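> Quick one, what's the 3D model for this:
(2 chains)
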Protein chains: 2
Amino acid sequence: MADEWPLEGAADRTPDGSGASALGEGGGRRPGRRGSRRTTNRDRAGSGAGGAIEQPPVRGHRRWFEPTRAVSDDRLEAIHLASLGVLRDTGIDVLNGTARRLLAGQGAAVDGDRVRFDPEMVVELVGSAPSVFTLHARNPDHTVTIGDDHVVFGAVASPPNVSDLVGGRRSGNRADFQDLVRLTQQLNAIQIHGGFPVEPADLHPSVRHLHATHDLLTLSDKAVNAYSLGAVRNRDCLEMTRIARRIEESVLEREPSITTVINTSSPLRLDDPMAQGIIEYAGRNQVCIITPFTLAGAMAPVTIAGAVTQQNAEALAGITLSQVVRRGAPVMYGGFTSNVDMRSGSPAFGTPEFVQSAMLGGQLARRYGLPYRSSNVNAANAVDAQAGYESVFSLWGAIMGGANLVFHGAGWLEGGLRASFEKMVLDADLLAMVAAFLQPLIVDDASLAVDAIAEVGPGGHFFGVQHTQDRYRNAFFAPMISDWRNFESWLEAGSPTAEQRAAEVCRQLLADFTPPPMDDQTRAELDDFVARRVAAGGVATDY
Amino acid sequence: MADEWPLEGAADRTPDGSGASALGEGGGRRPGRRGSRRTTNRDRAGSGAGGAIEQPPVRGHRRWFEPTRAVSDDRLEAIHLASLGVLRDTGIDVLNGTARRLLAGQGAAVDGDRVRFDPEMVVELVGSAPSVFTLHARNPDHTVTIGDDHVVFGAVASPPNVSDLVGGRRSGNRADFQDLVRLTQQLNAIQIHGGFPVEPADLHPSVRHLHATHDLLTLSDKAVNAYSLGAVRNRDCLEMTRIARRIEESVLEREPSITTVINTSSPLRLDDPMAQGIIEYAGRNQVCIITPFTLAGAMAPVTIAGAVTQQNAEALAGITLSQVVRRGAPVMYGGFTSNVDMRSGSPAFGTPEFVQSAMLGGQLARRYGLPYRSSNVNAANAVDAQAGYESVFSLWGAIMGGANLVFHGAGWLEGGLRASFEKMVLDADLLAMVAAFLQPLIVDDASLAVDAIAEVGPGGHFFGVQHTQDRYRNAFFAPMISDWRNFESWLEAGSPTAEQRAAEVCRQLLADFTPPPMDDQTRAELDDFVARRVAAGGVATDY
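Predicted coordinates for the structure are as follows:
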């Protein structure tokens, strides 16, 4: 059989080894002979990838299973009602006068900064938000559907620090920012940008959004995000997105083309720039992702039910405001409840509490018919086993919880304080694994393979049969990072860890990078916009 | 707030960092101050653990959610019917005359070694197996319930090689075997033994089962497993288990006290020792775990539906035999379908295909009302990110697929060719995380915390409120391995990876080990049994 197939000896192995024990010696068991990994495979190369690294193609994903219900319906209703009670009795501080006036106009009770919400008003307005919408990228191949059973993966956003295996850890800067944007563009598994994959802190805040968004729109053609740091920045980024998409304002207003994350300042406060972000983007039919950061035991109650009750109250408040601004504006329910380590006070991610909260958040979002955002997070200080297991636990909660958008999908390390080049590549593989899992199982006469089973019969093997030959090339997920060589081959290759293999893939992807096409006129218009706004001082700051 | 609580600054952080960007510099964001990890906490120390390492207590776990349905009911039925067709038309080679005669007596068609099964006979006999049973350990605290919504975790079984961080990789031997048994005993998350955690290859096969089972029963008081390598070995191990439990044979026959894994020799063959194992243990009301090793693309069809169809046929054949031997004997449906890497022929684990197959296997087991066994597996060559992520993907498939027993739960590396001390400790933490996830979310007036939310109000924090103070000590899962210190503290501590931290926990657990109590008479009886059987030559081999 070795003549016709590279597999040898696998059939001798049993999962529990009991067969091999009869041979007397552990060495009697023969591992499958594993050849060296090939990094090229033209059959599978994705459209957005460099030619040398094999990736699954750019594609959308849909969930085929019912999300896990974290609690019974009556308990879900108890959380819903408790949240409405919080909004009615305690209320939220909204640090923006326009937002308060808009809410008051719909019947909210305003007292200073404090806004108390009528439950019926909240339910009615939240009900006007769409359950699904399209987010347009300047390359239509990267336009994504958000909501219902669709699943979309975004890149890491906003760490202040960055690292790679060779250069170590350093403060965020534009050169690394650009490389992470290039990497995001190259990795097919990452469908949209999450924001700035690292803070380009060497760009002055007055003009940072202009230069960084210019980089995002020229080094990549995937959909972008803007930070809500004041209305002018929101408007600048939206206009640049319009230019890059080469569309009229009227089209932009029909086609959501940019996202912004609205983090409430937990507990129970909506800051001024965040309120401005909702007003600007909901008003222009762009995407607001309302995401309370409710760390149980710190900014939220120490119980998961309590932390999610608070999360729900804050999310509903932001979503309500978005619908007051413009009924039907695309908005997402974001869940980010995790817990602190009660020994040290450190935030923890990918914990059992995170998994449960992610599932509960999804169940609430579905109750309201809203698209749901969760995250791929961890608190590891290195791209080690902890980074791997905390990330997959996060994905477990997000995916089984019914997330429509997995934010920070690739590159997040150290509780969000660091973007890692290697982690971004490794996470892209994890996302691709999840995407493969999201492909429905095919069950039909051909896949049931009853004839092939009969043809092979007891004691045979499936290597050479036509059923296998017809399918083996694309039968299974082929990873970029996972190393399935046998121990001896792996040792000979220098015992590379997953992090080291990711560094090599990263190097190659960056070497292979070419910017996506942009016509000269669009480029000139974009350059000119940035030049004019920079010349005008960008957004004035007092530092 | 720093005066009354170790947490500082966490409230300044937002998950998407957009708030911090306004500060201008990445460094403006303050991470939570993370203290050094404490490794002692008497409040939480588990009963079976050494005093110095904090672990969750020994306890049982039950699933609170509906397992994920991998396919629709009609497709599940198609797989069921296809499997019955395979058993009827192609059949299975059963390399044991007694088994063939027993099956023929129930209406199976026997032709040489080949046995073809009447579908109605299969359905009727499989239906006589219990959906839940108790597996008794010599320490009743470690007796577990298997089936229904119960979830049990077992240790790794049968690798020929072993490694630790200091000593490197080596062939299995009794000293390492004993240390892994000690570690299994110490780790509360591991509830039962899976077999031999590594092959003690320096013990001659004629007497290996005697010495090794003696070690298992004296260094540990958790339930044990015997390999089905001939009826005499099965009987020896069962008798030793009876002695260790200090019970009569009649009680042993009422109380399942030992497991054996029956790996079919895929495709479609039941070897002689495996058939003997079923006859011996089902006949004595002990636990047979019928587990085909159906690697898609090698010993099974290249399609998941086809591989699982074959898995199902083989599993049903073994389960049918167990019920012919003794109706009502405890038996498990084992699923181990994974895929090979079609580039190298290597077996792969923790893949998207593994996750789907694990869920599909669970759905089939539930269709038959049988307890379901899955596994925690990976193909990594090091305790790196790959080992972490492949393991959690495996657990994802097993747990969401409704596994009642997760075999190889802790310690498996390198596709089962190596047991790793560090991986065992790290996996115990993963299992403890899963166990924490399996604790149902509490939703009641106290946990909804509406009063605490009102008390704290907008812009406050929850550190000092009574609701937090009453609960914080045991509010959240506390890991052994995950390192949540901030980067600077972690760097000062020498940048330990998860593997290095696991090595330290392992060292301490082994140093703290004391054997569980066994009365002198039982010990003498056990010693005497082994001495007599060894003197008699054990089980004769021709090598």
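> Provide a list of residue ranges in chain A with pLDDT below threshold.
Scanning chain A for pLDDT under 70 picks out A:1-51.
> Looking at it, which helix is longest?
helix A:304-325 (DSSP state H).
> After it, heading C-terminal, what element do we hit next?
strand A:331-334 (DSSP states H and E).
> Are the helix or strand just after that following strand and chain B in contact anywhere?
Once the chain leaves strand A:331-334, the next helix or strand it forms, by DSSP H and E, is strand A:338-340. Yes. Interface with chain B: strand A:338-340 contributes A:339, A:340 (Cβ under 8 Å from any Cβ of the partner chain). The way it works is simple: take the backbone N, C-alpha and C, and place the C-beta from them, glycine included.
> quick one: the helix or strand that strand A:338-340 is followed by to chain centroid distance?
Per DSSP H and E, strand A:338-340 leads on to strand A:347-348 as the next helix or strand towards the C-terminus. Offset of strand A:347-348 from its chain centre (Cα atoms, centre = their mean, to the nearest Å): 19 Å.
> How about stretch A:320-327?
25 Å.
> which parts of it are buried?
Going by neighbour count (16 or more other Cβ atoms under 10 Å in any protein chain shown), the buried part of stretch A:320-327 is A:320, A:321, A:322, A:323, A:324, A:325, A:326.
> same check, this time on stretch A:142-153
Within stretch A:142-153, the residues that count as buried by 16+ other Cβ under 10 Å are A:142, A:143, A:144, A:145, A:146, A:147, A:149, A:150, A:151, A:152, A:153.
> sorry, back to before: quick check, nearest of the buried residues of stretch A:320-327 to residue A:185?
residue A:322 (29.6 Å; Cβ to Cβ).
> can you pull the contacts of the closest one?
By Cβ atoms under 8 Å, 6 or more residues apart in numbering or on different chains, the contact set of residue A:322 is A:129, A:278, A:282, A:288, A:290, A:329, A:331.
> Nearest to residue B:493, out of those: which one, please.
Nearest to residue B:493 out of the contacts of residue A:322 is residue A:290 (Cβ to Cβ; 38.2 Å).
> residues near the spatially closest residue to the closest one that is not a sequence neighbour, how many?
Nearest non-adjacent residue to residue A:290, counting by Cβ to Cβ, 6 or more residues apart in numbering or on different chains: residue A:318, 3.6 Å away. Neighbour count of residue A:318, defined by other Cβ atoms under 10 Å in any protein chain shown: 29.
> re the thing from before, show me the buried residues of stretch A:142-153 that map onto strands.
A:144, A:145, A:146, A:147, A:150, A:151, A:152, A:153 (DSSP state E).
> Show me the subset of those that also lies near chain B.
Taking Cβ under 8 Å from any Cβ as the test, chain B is in contact with none of these.
> Quick check: the two most widely separated of the residues you listed?
Within those, two members stand farthest from each other by Cβ to Cβ: A:147 and A:153, at 14.8 Å.
> picking up where we left off before, can you put the buried residues of stretch A:320-327 in a markdown table and add distance to residue A:449?
Listed next are these as a markdown table, based on distance: Cβ to Cβ, whole Å:
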| residue | distance to residue A:449 |
| --- | --- |
| A:320 | 53 |
| A:321 | 55 |
| A:322 | 51 |
| A:323 | 51 |
| A:324 | 57 |
| A:325 | 56 |
| A:326 | 53 |
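> of all the residues you listed, which comes closest to residue A:231?
For the buried residues of stretch A:320-327, the nearest to residue A:231 is residue A:325 (12.5 Å; Cβ to Cβ).
> which residues touch that closest one?
For residue A:325, the contacting residues are A:102, A:278, A:279, A:282, A:283, by Cβ under 8 Å, 6+ apart.
> With residue A:321 as the reference, measure out to the last one.
It stands for residue A:283. Residue A:283 sits 11 Å away from residue A:321, taking Cβ to Cβ, to the nearest Å as the criterion.
> circling back to that earlier point, distance from the chain centre to the longest helix of chain A, please.
Chain-centre distance of helix A:304-325: 21 Å, with Cα atoms, centre = their mean.
> and residue A:225, what is it in contact with?
Shown in contact with residue A:225 (Cβ under 8 Å, 6+ apart): A:154, A:157, A:192, A:193, A:194, A:195, A:258, A:259, A:260, A:261.
> Sitting in strands, which of those residues do you find?
Counting by DSSP E, the contacts of residue A:225 place A:258, A:259, A:260, A:261 in strands.
> Is the second one in contact with residue A:290, as I believe?
No. If you go by Cβ atoms under 8 Å, residue A:259 and residue A:290 don't touch, sitting 11.3 Å apart.
> ok, and does stretch A:271-288 reach over to chain B?
Yes. Using Cβ under 8 Å from any Cβ, stretch A:271-288 reaches chain B at A:271, A:273.
> Check stretch A:66-75 too.
Yes. Judged by Cβ under 8 Å from any Cβ, stretch A:66-75 and chain B are in contact via A:66, A:68, A:69, A:70, A:71, A:75.
> coming back round to it: list, out of the ones in strands among the contacts of residue A:225, those positioned next to chain B.
Answer for the ones in strands among the contacts of residue A:225 near chain B (Cβ under 8 Å from any Cβ): residue A:261.
> Out of the ones in strands among the contacts of residue A:225, who's the most crowded?
Highest count within the ones in strands among the contacts of residue A:225 by other Cβ under 10 Å belongs to residue A:261, 29 neighbours.
> From residue A:291, how far out is that one?
Using Cβ to Cβ, one obtains 6 Å as the distance from residue A:261 to residue A:291.
> still on that earlier bit, got the contacts of residue A:322 as CSV, with distance to residue B:216, neighbour count and secondary structure columns?
Formatted as CSV, the contacts of residue A:322 follow (distance: Cβ to Cβ, whole Å; neighbours: other Cβ atoms under 10 Å in any protein chain shown; DSSP: H, G, I helix; E, B strand; the rest coil):
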residue, distance to residue B:216, neighbour count, secondary structure
A:129, 59, 25, coil
A:278, 62, 30, helix
A:282, 64, 27, helix
A:288, 59, 29, strand
A:290, 55, 27, strand
A:329, 64, 24, coil
A:331, 58, 31, strand
